[in-house]
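Sequence and computational prediction follow.
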Amino acid sequence: MPADIHRFTVGSITCTLISDGGAAFPAAWVFAGAPEEERERELAERGIPADVPSNLNCLLIECGGQRILVDTGMGPFAPTTGKLQESLRAAGYEPPDIDTVIITHAHPDHIGGNVDAEGRPAFPEARYVMWEGEWRFWTDETVLNRLAAGSIYGLGQLEAMMADFARRNLQPIAGQLDLINRPGEIAPGIEAIPAPGHTLYHMALAISSGNERVLLPMDVALNPLHLERPSWSAAFDQDRAQAEATRRRFYAEAAADDALLFVYHFPFPGLGRVTPYGEGWRWEPETA
């Protein structure tokens, strides 16, 4: 199996981790909530470069006769991204094989593969599932104009890119869209969990079968260092106080339950557990 594909099971459910590639972001953005001197010291001690690597780990879930894809990566934004379709085919799947696409939130690195080069839905037979508030926020032209002006996150041109990605990758899927507005089962064995802060309607997931369970925090943390320093929110966190509260709650519960986690941006394959460490938790990777 190619190095960027990894399979594991949760009870009777088969999960395939599929890489869309990776990108890198300035440490001042990834750890915006950190005091500068402390951030520089911690990064140096851990050998983390000034441009922090970030994986794009998509997940294909096979359960109840359905094939369900979680997020679509960043698309062909950079030479190192947009590998999802290639990786899916390497794993033995074609776009029409996908029955459902779950969009956990509408940041560019999670919706960039929603459409093909012609602007058509990249998964023509799929229903796209998204939290209703998230959809309404990211398709509101008033919001998109504020983003284009750099007035929501304070990230200038990056916000303009966010607005452009939303316009190009959301409206074309409107005809295949199912909106949800409460926690609960999206498909057999897949549960939607509100995890607000990174975006106002950011969604985490849980996969359960028999007595086995894996949690998908998605962007509750972007880097393992966020677990050790949970107050170091990212510039991409729309509500930093809420993002920190969600991070502390989610990972405290995961540590107490010794839960297996799949984290979208952590080093591939993004599987591991957390153990208490100082004010937060330490990431313990595993392959499952």
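Great, that's in hand. As the structure is a computational prediction, the values presented were derived from the model and not from experiment. Numbering: from 1, shown residues only.

what bridges to I103?
M130 (DSSP bridges).

where's it relative to F8, distance?
I103 sits 23 Å away from F8, taking C-beta to C-beta, to the nearest Å as the criterion. The way it works is simple: take the backbone N, C-alpha and C, and place the C-beta from them, glycine included.

Over to I193?
Using C-beta to C-beta, one gets 20 Å for the distance from I193 to F8.

Which residue ranges of this protein form strands?
With DSSP state E as the criterion, the chain has strands at 5-10, 13-26, 51-63, 66-70, 100-103, 127-131, 177-180, 184-187, 190-194, 203-209, 212-216, 260-262, 271-277, 280-285.

just to revisit the earlier point, neighbour count for I103 and F8, which is higher?
Neighbour totals were compared for I103 and F8, and I103 leads with 25 against 17 (other C-beta atoms under 10 Å).

pull the CA atoms of stretch 222-235 into PDB?
Provided in PDB are the C-alpha atoms of stretch 222-235 (Å, rounded to 0.1, in the frame of the first residue of the first chain):
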ATOM      1  CA  LEU A 222      -3.600  22.000  14.700                       C
ATOM      2  CA  ASN A 223      -0.300  20.800  16.000                       C
ATOM      3  CA  PRO A 224       0.800  18.500  18.900                       C
ATOM      4  CA  LEU A 225       2.300  21.500  20.700                       C
ATOM      5  CA  HIS A 226      -1.300  22.900  21.000                       C
ATOM      6  CA  LEU A 227      -2.000  20.000  23.300                       C
ATOM      7  CA  GLU A 228       0.900  20.800  25.600                       C
ATOM      8  CA  ARG A 229       0.100  24.500  25.500                       C
ATOM      9  CA  PRO A 230      -3.700  24.600  25.100                       C
ATOM     10  CA  SER A 231      -3.900  28.400  25.600                       C
ATOM     11  CA  TRP A 232      -1.800  28.900  22.400                       C
ATOM     12  CA  SER A 233      -4.700  29.300  20.000                       C
ATOM     13  CA  ALA A 234      -4.100  29.800  16.300                       C
ATOM     14  CA  ALA A 235      -4.700  32.900  14.300                       C
END
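
Could you list the buried residues of it?
By 16 or more other C-beta atoms under 10 Å, the buried positions in stretch 222-235 come out as 222-230, 232-235.

so what's the closest residue to V70 other than its chain neighbours bridging to?
For V70, ignoring the flanking residues on the chain, the nearest one in space by C-beta to C-beta, 6 or more residues apart in numbering is L59 at 4.3 Å. On the basis of DSSP bridges, L59 is bridged to L17, V70.

Relative to L205, how far out is L59?
As judged by C-beta to C-beta, L59 and L205 stand 9 Å apart.

so what's in contact with the two at the same time?
Common contacts of L59 and L205 (C-beta atoms under 8 Å, 6 or more residues apart in numbering): 70, 216.

Thought E125 was touching P96, still the case?
Yes: applying C-beta atoms under 8 Å, one finds P96 in contact with E125, separated by 4.9 Å.

if you count what's nearby, which of the two comes out ahead?
The neighbour comparison of P96 against E125 (other C-beta under 10 Å) goes to E125, with 14 against 10.

Can you pull out the low-pLDDT segments for the stretch 1-150 of the chain?
1-3 (pLDDT under 70).

Closest to the mean position in this structure, which residue would that be?
M218 (4.0 Å; C-alpha atoms, centre = their mean).

so what's that one up against?
Contacts of M218 (C-beta under 8 Å, 6+ apart): 71, 104-105, 110, 195, 198, 202-205, 263-264.

Put together CSV for the strands of the chain, with distance to V143 on each row.
Shown next, in CSV, are these (distance: least, C-beta to C-beta, whole Å):
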stretch, distance to V143
strand 5-10, 36
strand 13-26, 22
strand 51-63, 24
strand 66-70, 24
strand 100-103, 17
strand 127-131, 15
strand 177-180, 17
strand 184-187, 25
strand 190-194, 20
strand 203-209, 18
strand 212-216, 26
strand 260-262, 30
strand 271-277, 34
strand 280-285, 32
